[in-house]
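Chemist: this is a predicted model, with the sequence first.
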Amino acid sequence: MASFVRICAVLLLLSQATTASAQIAATLAGTITDTNGDPLPDVNVFIAASMIGTATDENGQFEIQGVPLGTLRLYVSRIGYEPAHKDVFVRAAATYTFDFTLQEAVYELGQITVIEDNKQWQRQLERFTKLFIGQTPWAQQTTITNPEVLDFSSRGGDFRAQASEPLVIENRALGYKLTYFLNEFAAHPGGWRWDGEPLFEMLEPESPEEAALWNARRDSAFYGSFRHFLLAVINDQVEREGFKIYSRVDARSNLTGRKTAGTTLPYARGPEFQNSQRFPLSAADIMKPGEAAVERILDFEGFVEIVYTREEEDETYIRLEEQFLRRPKFQTSTIRLDNGPTIVDLKGDTLDPYGVTFYGGYFGYERVANQMPKEYRPWID
């Protein structure tokens, strides 16, 4: 009964945010050419981090229908060419045209030849997988099925990875196949970063029991996520949805930089951050009205701490934080707007996908293995 009530509450929350746009959809269309003006067929065209995509025809043309209103990143990629994207706020049920000209890519191979018995390459693959896929419990069931497209290089303390083709990732924990278009990955002693976009596809469950397990885990991945948090803030239902918000004062000390998908993720190390003062905030303190009825502005200064009171940290997280003896606490994350206020639509999507910076905590801990398509909602199978 408790889980039923919980789902109904989120259903009400999300329906309030999306009723105005759920029954209206737009169309995205356009033409993709090379630098000579020749049309490019078989170009992947998709809405980043979603299950919505297509490919260009022999004339280099594409059309995506039934696109929900709101913010999105339209991403285009073809092997042998540099990828491109456009960040868009779709505000009306109309046809939007976007033309792209793709530049030929130059792929520089590293010094490692990929063979099965190459121990150095295997060690580098393991390191890349831990950083990219993550180390949450679900990461154990998430596999890169074509690791041979990865090329690694190391120099001094720097570690880099390139992918000659999109990574194919099978997530048997959540029931998704991801085609991940990785543009950049780099790590160094002070942190790491990557840039890229995934396209999601549902896997076929092997049994009704597996289907039920996937549905339960997908719900778990949604609850407490950054999208869930934004929807709670938009609808002024922060505490009802299990969140608490605080401002952090003097939280700049002892931060080491990391970057995920274009978003810097420093980890907070040391007592200066952990013991800094914090003050309660309301939804109105950080979310302002936008220029149009279908948008809001996420706007605050400094650091904001988000506590999700309905789930505790898992054992792996505590171990990675090197705090083996302490008891689990509520899942806590810290965010900041390094580029100033950012536009948010009523679905909980930011116009700038990298407009919000995660500073450690659970939002930074949960990576590709816990990533969900942007259109997922708990009541959708």
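Modeler: Arrived safely. Just so we're clear, the structure is a prediction, and the values are computed from it rather than from any experiment.

Chemist: and the residue lying farthest from the centre of the chain, backbone torsions?
Modeler: If you look at how far each residue of the chain sits from its centre, by C-alpha atoms, centre = their mean, the farthest one is Asn36, at 34.3 Å. Phi and psi for Asn36, reported as degrees, to the nearest 10, are phi -90, psi 0.

Chemist: what's the pLDDT at it?
Modeler: With respect to pLDDT, Asn36 has a value of 97.

Chemist: in the stretch 201-350 of the chain, which spans are helices?
Modeler: Using DSSP state H, counting those that start in this stretch, the helices found in the stretch 201-350 of the chain span residues 208-222, 226-234, 271-274, 283-286, 315-320.

Chemist: from those, which stretch is densest packed?
Modeler: Among those, helix 226-234 has the highest mean neighbour count (mean count of other C-beta atoms under 10 Å), at a mean of 22. All C-beta atoms are positioned from the backbone trio N, CA, C, and that covers glycine.

Chemist: how much space between Glu241 and Thr179?
Modeler: For Glu241, the distance to Thr179 equals 32 Å [C-beta to C-beta, to the nearest Å].

Chemist: and those two? which has more neighbours close in?
Modeler: Glu241 (21 against 18; other C-beta atoms under 10 Å).

Chemist: list the beta-bridge partners for the residue lying closest to Pro83 once chain neighbours are set aside.
Modeler: Nearest residue to Pro83 in three dimensions, chain neighbours excluded: Ser77, at 4.2 Å (C-beta to C-beta, 6 or more residues apart in numbering). Beta-bridge partners of Ser77, counted by DSSP bridges, are Asn44.

Chemist: from what I can see Leu167 touches Ile144, true?
Modeler: Yes: counting by C-beta atoms under 8 Å, Leu167 touches Ile144, with 5.7 Å between them.

Chemist: overlap in contacts of these two?
Modeler: Jointly contacting Leu167 and Ile144 under the rule C-beta atoms under 8 Å, 6 or more residues apart in numbering are Leu150.

Chemist: worst average pLDDT in the helices of the stretch 201-350 of the chain?
Modeler: helix 271-274 (a mean of 49).

Chemist: burial measure for Ile79, as a count.
Modeler: 13.

Chemist: hmm, I typed the wrong one, I wanted Asp236.
Modeler: Neighbours of Asp236 (other C-beta under 10 Å): 13.

Chemist: so it touches Ile286, yeah?
Modeler: No: contact criterion C-beta under 8 Å: Asp236 and Ile286 do not qualify, at 11.2 Å.

Chemist: any weak-confidence spans in the chain?
Modeler: Residue ranges of the chain with pLDDT under 70: 1-23, 107-117, 190, 250-276, 323-324, 379-381.

Chemist: hmm, try it at 80
Modeler: The model of the chain has pLDDT under 80 over residues 1-23, 106-117, 190-192, 249-276, 321-325, 360, 379-381.

Chemist: can you pull out the strands in the stretch 51-200 of the chain?
Modeler: Listed in chain order, the strands found in the stretch 51-200 of the chain under DSSP state E, counting those that start in this stretch are 53-55, 61-68, 70-77, 84-90, 95-97, 100-102, 142-144, 150-155, 158-163, 167-171, 176-188, 191-202.

Chemist: and among the ones you listed, the most buried is which?
Modeler: Counting by mean count of other C-beta under 10 Å, the most buried of those turns out to be strand 70-77, with a mean of 24.

Chemist: using a markdown table, please lay out the strands of the stretch 51-200 of the chain together with distance to Glu313.
Modeler: Shown next, in a markdown table, are the strands of the stretch 51-200 of the chain (distance: least, C-beta to C-beta, whole Å):
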| stretch | distance to Glu313 |
| --- | --- |
| strand 53-55 | 35 |
| strand 61-68 | 33 |
| strand 70-77 | 30 |
| strand 84-90 | 33 |
| strand 95-97 | 42 |
| strand 100-102 | 43 |
| strand 142-144 | 20 |
| strand 150-155 | 31 |
| strand 158-163 | 28 |
| strand 167-171 | 21 |
| strand 176-188 | 24 |
| strand 191-202 | 21 |
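
Chemist: of all these, which one is nearest Gly302?
Modeler: With C-beta to C-beta as the measure, strand 191-202 is the member of those nearest Gly302 (20.9 Å).

Chemist: now for that closest one, which elements pack on it?
Modeler: strand 44-47, strand 176-188, strand 259-260 (3 or more C-beta pairs under 8 Å, 6 or more residues apart in numbering; DSSP states H and E).

Chemist: would you turn these into TSV with distance to Ala216?
Modeler: Output for the helices and strands packed on strand 191-202, formatted as TSV (distance: least, C-beta to C-beta, whole Å):
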stretch	distance to Ala216
strand 44-47	26
strand 176-188	15
strand 259-260	26
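
Chemist: of all those strands, which lies closest to Phe363?
Modeler: So among the helices and strands packed on strand 191-202, strand 259-260 is nearest, using C-beta to C-beta, at 9.4 Å.

Chemist: how about the strands of the stretch 51-200 of the chain, which one is nearest Thr342?
Modeler: Closest of the strands of the stretch 51-200 of the chain to Thr342 is strand 70-77, at 9.7 Å (criterion: C-beta to C-beta).

Chemist: who touches that closest one?
Modeler: 21, 28, 32, 43-50, 83-90, 98, 100, 102, 166, 181, 197, 294, 343-347, 349-351, 353.

Chemist: distance check, the residue nearest to Pro83 against Ala84.
Modeler: 8 Å.

Chemist: ditto for Ala163
Modeler: Applying C-beta to C-beta, the value for Ala163 to Ala84 is 17 Å.

Chemist: again with Ile144
Modeler: Here the criterion is C-beta to C-beta. By it, Ile144 lies 24 Å from Ala84.
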